[in-house]
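Colleague: Pasted the sequence and its predicted model underneath.
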Amino acid sequence: MSVGKAGSGQPIAASGRERSDRLWALLFVLPQAIGLLVFALVPLVFSFVLGFMRWDGLGDKAWVGLANFQKQLGDPEFRAALRNTIVFTFLTVPIGLALALLVALGVNKIRGRMVYRALYFAPVVTSSVAVAMVWQYLLNGRFGLINAWLRRFGMDPPDWLLDTRFVLPAIALVTIWWTLGLNVVIFLAGLQNVPVPIQEAARIDGANSWRVFRDVTLPILSPTIFFSVVIAIISSLQTFDQIFVLTNGGPLDASRTLVFHIYDLAFRDFSFGESSAVALILFVLTLGVTLVQFWGQRRWVHYD
Amino acid sequence: MTELAATRPRATTETGTDERPGGLGGFFREVPLHVLLIVGALFMVFPFVWMVLSAFKNMQQTLAVPPTFWPNPWVWSNVPESLTALPFGLAYWNSAYIVVLVVALTLLTASMAAYAFARIDFPFSRPLFLLFLATMMVPRQVTIIPLYIIMARIGWIDSHLSIIVPPVLLNGFAIFLLRQFVMAIPIDLEEAAILDGASRWTIYRTIILPLLKPGMAALAILTFLDTWNNFFTPLIFLNTPEKFTVPLLLNQFRSQFRIDYAHLMAGSAIAIVPVLLVYLIGQRSIIDSVATSGLSGK
Amino acid sequence: MTTPANSSHGMLDRRRLLAGAAAVGAANAFGLGPRRAAAQEKASLVWSTWGTPEELKRVEEFDTEFMKRHPNIEMKLVPIPSYSEYHPKILTQLGAGQGPDVFYVGDDNIGKFAESGALLDLTDLLKGPDSQTKPDDFFPGLWGAAISKDGRYFGVTNDCNPQVLWINKKALAEAGVTDDPVALRDAGKWTWDAWGAMLDKLVAAGKTGAVLENWFADTYTLIKANGGEVYKDGKFVASDDPKSVAALKFIFDGAKKKAIVNSDFLPEGQGQDALFIAGLTGFASGGRWFLPTVKDAMGAADYDIVTWPTTTGQPVEPTGVATSFMVVNKNSKHQAEAFQFLTEFASKDGQLFRLQGGGNAVPSIKGADEVVLEGNLPAHAKSFLDARDTGFVEPAEETRIAGLPQDVIKALEPLWMGQGDPDQIIKSLGEMVNGRLTAK
């Protein structure tokens, strides 16, 4: 039996049912809607309005129209941040998610899966100072382990975190490593929706692993993958912690991201108006990318 | 705006044999995979091991150049020292009860909202869902001052309510995640219940929640992790050291000019034990849920 | 109510506080006076600082003593653990109109805070009869942007940390350096030539010469040690003054041959202190905050400190000093009590109380130097005092402009890496800074 969306043209769905559905929906959504109203909408409106004002956080606010946007759009720091953020998203999201999916498939059914799952989750629970210590050491140009290995193969490797060309790829590597476990958790949960009997039936029918994956696993996993892609892009566009811990935006702004820039404008420059203006630009960018994905999902996401 | 809740006709499921890959042949097929996974795991776990080992080094060892991997000699005093240098017991209690409340209540509010968004056709459901997504698109750095004003108005500054209530009542990530999982649940069970005159609440409780277990377990792990590690809002909203959570307390080992690595690592290593436990329990329940949910047969 | 502590301490009892507060009120030109609570009520004040657990413990002890002396004042300490998160939290609170009554401000932020109108003008209070911190009691170079352009006082230094060169004697000996920098300094021969020769020997021995840091204290100290100027008549002249340019090129050349390494570029846990303790560098720049680490890891005979070498014939030229300032929130409901706390905290006795017994800073007020010399660690601890006496803090010209201190550091990054064309780096640095100074 195949049906469309709930509540759409069921013969039995009288208007009474619809009314009661609305009431239930209101009730179900109410707790989160209250939170949305109190803890998000007010601050959001406040900060968006602030984008059109000048405010040092301490003194009076003054209306400046579009001046903050004009100033930021012409600011080399902002442009570097925008470019870095986009490049970073392209570097981390596809590889990070593909790797997470592979690991999730790998540890889904295998012997010792609990051990593997714990091991692959380890970076997520490692303290950021330990992450900084280990990775800054591994990536160090003079005595780092990575370069020691590369030199053994006759290469002349760069000083990763201090080279404007290599700092973003280096941080992307750390980010993929750091967030892999989170995506694996989500994919593993999604994989539980894939009924084993179907896979087995397909296998008995003579389908190879790839075809089972493509025709059975992937479609059922697609809502989870869609979720992960949307979230990964949103959070990649908000990259801050890794930068704060590893490079502070350097060298020479080569790893400055938009949110790092937003933080800098607010808490280093005391320029809350410009900070809010950049946040608004980031918001529009993120919203646009997300809407495009929701529009495109019907081409590949299979809901049951 | 396009169809947020677009659904496609469901593929017909066939009940197959309940055979699992196994036996000697299965083992040999798995060997290359094991090799790959072990190599990757070494890479993943290295900094974690480093952190744990650093908890047993003294200051000279943590500052050794080049760094040494194994503590030599092993220093056993860091762990008890970092536990007594600061009021860790209190911070653990604070973190523990906060995280339990946040996880439990988030699972409830988010799954309710997720069910409504996935299955009930109500006015403004799509714009509202989009608004929840939009809350994730603004960095907290720009909303913290107005949020502080709101907290001050409600009187929640220096109260744990300021770090319990907002994540419970607003979590776009959780709603989106569970919505995806609800939408992957076969709808025919629900159709039948509706025909039988079951209320939405009954459907949510008796049909959706049991089938939502993998998604809920994943969300519980991620929410636990997030809340346990939360540093920013406790930093801003809490003032009294007795109310501090574990990450705030650990941060005291980092001063302006000096980081006490040995004690920081010791404290961090102890701090992650609950997270690992919850992770393992959560993973177990993801696996268990498959056996009990009926998804594999139905 | 009188407590035993009143008689034993006798610094200020309640009656004197009330009298003092009245005098301050009368002294105020507008007759409004600092706001204070009714005399009967207990004034409850919130105050914020950062610090290590040990420092905060000492601060709490001071608070307890203070409250014993002033039973009508209750001080609630809100410690904000680490420096990097301190200012964002204070700024969030102030931005929401909920700031503490008294708080620390770091030297890189004092200019913006003082200019913002959020701080109480302390000028009359500091000069008033109740003040234990008269402006003249402090070392003159340490005010920086705490004094506004029109000469008003908005904060006092609670202590300071002059930047000196730490010497690893073993590392020097291993590199075949036979001269003792301290002896050279005392003989008037502690010059850049002498230092440069040591750096070269250290490099030849496979070590780093000196681990310094790219910030105002090191960069501007080197400029002044060469007789150069940084700011003059409100203009940035370090890019034009030949002596300043020569000092900047000294950094570039040193960085290029790896004799000088910028500590910012070192990995976490392998920083300045690590290289110094391991004997992989001969020199490291730093304040007294190094002492707890170094003391635990090295024998007293293996390390020492010296003031920076000069080229001017003077034994010591003005030296960069790290500081923090204590300020009062203009919107505090208890301004008189807040000042009372501030003046006792930053006073000679207050600084002695906090810094004795293994403190990690240097008094910023006259007459408390014994805490630095106690135990003779390091052997020539007096160099801290020499450096401080003629010290300078982060220039007001820079800290008054949002983000400028950090932008200067960023512009100097290639110089500290020894990469690119030094003339071009210095030229664009000058253009950037002077552009920011004249903009607005």
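Modeller: Yes, it's here. The structure displayed is predicted, hence computed values, not measured ones. Residues are numbered from 1 along each chain as shown, chains lettered A, B, ... in the order given.
Colleague: Can you pull the poorly scored residue ranges out of the stretch 201-304 of chain A?
Modeller: Judged by pLDDT under 70, the stretch 201-304 of chain A has its weakly predicted residues at A:304.
Colleague: now with 80?
Modeller: Residues of the stretch 201-304 of chain A meeting the criterion pLDDT under 80: A:201-209, A:304.
Colleague: Pull up the residues of it that are close to chain B.
Modeller: A:201, A:204, A:219-220, A:223-224, A:226-227, A:230-231, A:234-235, A:237-238, A:240, A:259, A:262-263, A:266-267, A:272, A:275-276, A:279, A:282-283, A:286-287, A:290-291, A:294-295, A:297-298, A:301-304 (Cβ under 8 Å from any Cβ of the partner chain). Where you see a C-beta, it was placed from the backbone N, CA and C, and this is true even at glycine.
Colleague: in chain C, which spans are strands?
Modeller: C:43-49, C:73-79, C:102-106, C:156-162, C:164-168, C:208-212, C:231-232, C:235-236, C:260-262, C:281-286, C:303-306, C:321-328 (DSSP state E).
Colleague: mind exporting the first one as CSV, just the C-alpha atoms?
Modeller: Included here for strand C:43-49 are C-alpha records, laid out as CSV according to Å, rounded to 0.1, in the frame of the first residue of the first chain:
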residue,chain,number,x,y,z
ALA,C,43,26.2,47.5,50.7
SER,C,44,26.5,44.4,48.5
LEU,C,45,29.0,44.7,45.7
VAL,C,46,30.0,42.4,43.0
TRP,C,47,33.5,42.3,41.7
SER,C,48,35.3,40.4,38.9
THR,C,49,38.8,39.3,38.1
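Colleague: if I look at residue B:276, how far off is chain C?
Modeller: 24 Å (Cβ to the nearest Cβ, to the nearest Å).
Colleague: Check which residues of stretch A:33-53 are buried.
Modeller: Residues A:33, A:35-36, A:38-40, A:43-44, A:46-48, A:50-53 are the ones in stretch A:33-53 that count as buried (16 or more other Cβ atoms under 10 Å in any protein chain shown).
Colleague: can you check stretch A:73-90 too?
Modeller: Buried residues in stretch A:73-90, counting neighbours by 16+ other Cβ under 10 Å, are found at A:77, A:78, A:80, A:81, A:82, A:83, A:84, A:85, A:86, A:88, A:89.
Colleague: contacts for that stretch?
Modeller: With contacts defined as Cβ atoms under 8 Å, 6 or more residues apart in numbering or on different chains, stretch A:73-90 is touched by A:72, A:168, A:171-172, A:175, A:233, A:236-237, A:239, A:253-261, A:264, A:278.
Colleague: Kindly report the same for stretch C:168-182.
Modeller: Contacting residues not belonging to stretch C:168-182 are listed as C:165, C:167, C:190, C:194-195, C:198, C:201-202, C:204-205, C:207, C:276, C:279-284, C:298, C:301-304, C:306, C:309, C:379-380, C:383 [Cβ under 8 Å, 6+ apart].
Colleague: ok, the spatially closest residue to residue C:236 that is not a sequence neighbour - contacts?
Modeller: With sequence-adjacent residues excluded and distances taken as Cβ to Cβ, 6 or more residues apart in numbering or on different chains, residue C:236 is closest to residue C:433, at 4.0 Å. Neighbour list for residue C:433: C:236, C:239, C:398, C:404, C:407, C:408, C:411 [criterion: Cβ under 8 Å, 6+ apart].
Colleague: residues contacting the second one?
Modeller: Yep, that's residue C:239 we're talking about. C:245, C:426, C:427, C:429, C:430, C:431, C:433.
Colleague: hang on, the fifth one packs against residue C:241?
Modeller: This points to residue C:430. No: using Cβ atoms under 8 Å, residue C:430 makes no contact with residue C:241, being 10.0 Å away.
Colleague: Strands of chain A, start to end?
Modeller: Using DSSP E, strands in chain A cover A:53-54, A:62-63.
Colleague: now those strands in CSV, with distance to chain B?
Modeller: Listed next are the strands of chain A as CSV, based on distance: least, Cβ to the nearest Cβ, whole Å:
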stretch, distance to chain B
strand A:53-54, 13
strand A:62-63, 17
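Colleague: from the stretch 151-298 of chain B, which residue is nearest to chain A?
Modeller: residue B:169 (2.7 Å; Cβ to the nearest Cβ).
Colleague: what's the spacing between that residue and chain C?
Modeller: 20 Å.
Colleague: swap in residue A:257?
Modeller: Counting by Cβ to the nearest Cβ - residue A:257 and chain C are separated by 16 Å.
Colleague: That residue: neighbour count?
Modeller: A total of 31 residues lie near residue A:257 under the criterion other Cβ atoms under 10 Å in any protein chain shown.
Colleague: can you pull the contacts of it?
Modeller: Neighbours of residue A:257 in contact, by Cβ under 8 Å, 6+ apart: A:81, A:84, A:85, A:88, A:239, A:240, A:243, A:249.
Colleague: out of those, who's nearest chain B?
Modeller: Nearest member of the contacts of residue A:257 to chain B, counting by Cβ to the nearest Cβ, is residue A:240, at 7.0 Å.
Colleague: quick one, what contacts that closest one?
Modeller: Residue A:240 makes contact with A:257, A:259, A:260, A:263, B:139, B:141, according to Cβ under 8 Å, 6+ apart.
Colleague: again, but for residue C:163
Modeller: C:217, C:218, C:221, C:285, C:286, C:287, C:308, C:319, C:320, C:321, C:322, C:387.
Colleague: mind running it again at 7 Å?
Modeller: C:217, C:218, C:221, C:285, C:286, C:287, C:319, C:320, C:321, C:322, C:387 (Cβ atoms under 7 Å, 6 or more residues apart in numbering or on different chains).
Colleague: Any of these buried? List them.
Modeller: So, by 16+ other Cβ under 10 Å, the buried ones in the contacts of residue C:163 are C:217, C:218, C:221, C:285, C:286, C:287, C:319, C:320, C:321, C:322, C:387.
Colleague: From residue C:263, how far off is the second one?
Modeller: Note on residue C:218: its distance to residue C:263, by Cβ to Cβ, to the nearest Å, is 9 Å.
Colleague: hey, what's in contact with both of the two?
Modeller: residue C:212.
Colleague: Buried residues, stretch B:243-253. List them.
Modeller: B:243, B:244, B:245, B:246, B:247, B:248, B:249, B:250, B:251, B:252, B:253.
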